[in-house]
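Asker: Okay, here's the prediction I keep looking at, along with the sequence it came from:
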Amino acid sequence: MRFAHTNIISKNWRDLVAFYVDTFECRVVPPVRNQSGEWLDKGTGLQNAHLEGAHLLLPGYGEKGPTLEIYQYTRIEEQEPIAPNHRGFGHIAFEVASVELILKKLEQHGGSRQGEVTKRIIAGVGEITFVYARDPEGNLIELQSWQYEEAAE
């Protein structure tokens, strides 16, 4: 068993793909998807489903790593951006060398900060620097950087 992908439903999949490519150095995994048909209706439980989008290879795991799937359905149900403490899927996280640098890059590419950059020592692990932010469509992203404790000899 292995983890395969996480999906984001987007209002504009091309723009959101560009955000993740430009901000987090993700790479598009061909082919671009343009899918519809009885098989999609049956699998999703929707009627007349049609979607377009792409898979993005996430950084740090090589060519066979998990992907971020960004799809846009022809018909989208709107909702307010979720709060960090809402039940269900909450956010995706990227471990980065510099939270401050990537937060700035995220904002330059249309994202926004949700919280404040914060540091905390986690006993037995090390020090985490993190912040919650949002992509241009309001999806939550955690940026985190670790200074791990050295193992006792």
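Answerer: Looks like it came in fine. Numbering: from 1, shown residues only.
Asker: okay, CA-based contacts and neighbour counts for the rest of this
Answerer: Noted.
Asker: show me the contacts for the residue positioned nearest the centre of the chain.
Answerer: Compute the mean C-alpha point of the chain, and by CA atoms, centre = their mean the closest residue is residue 92, 4.7 Å away. By CA atoms under 8 Å, 6 or more residues apart in numbering, the contact list for residue 92 reads 140-142.
Asker: Now the phi/psi pair for it, please.
Answerer: With angles defined as degrees, to the nearest 10, residue 92 sits at phi -110, psi 160.
Asker: thought residue 22 was touching residue 108?
Answerer: No. In this structure, residue 22 is not within contact of residue 108 by CA atoms under 8 Å, at 9.9 Å.
Asker: ok, back up a step: list just the nearest of the contacts of residue 92 to residue 73.
Answerer: In terms of CA to CA, no member of those lies closer to residue 73 than residue 140, at 20.2 Å.
Asker: in the sheet, who's paired with the closest one?
Answerer: residue 134 (DSSP bridges).
Asker: For it, grab the count of nearby residues.
Answerer: 24 (other CA atoms under 10 Å).
Asker: residue contacts, it?
Answerer: Taking CA under 8 Å, 6+ apart, one finds 82, 84, 90-92, 132-134 in contact with residue 140.
Asker: Then residue 55?
Answerer: 28-30, 32, 67-70.
Asker: Which helix or which strand is home to the nearest residue to it once chain neighbours are set aside?
Answerer: The spatial neighbour of residue 55 that comes closest, neighbours along the chain excluded (CA to CA, 6 or more residues apart in numbering), is residue 69 at 4.3 Å. Element membership for residue 69, per DSSP states H and E: strand 67-73.
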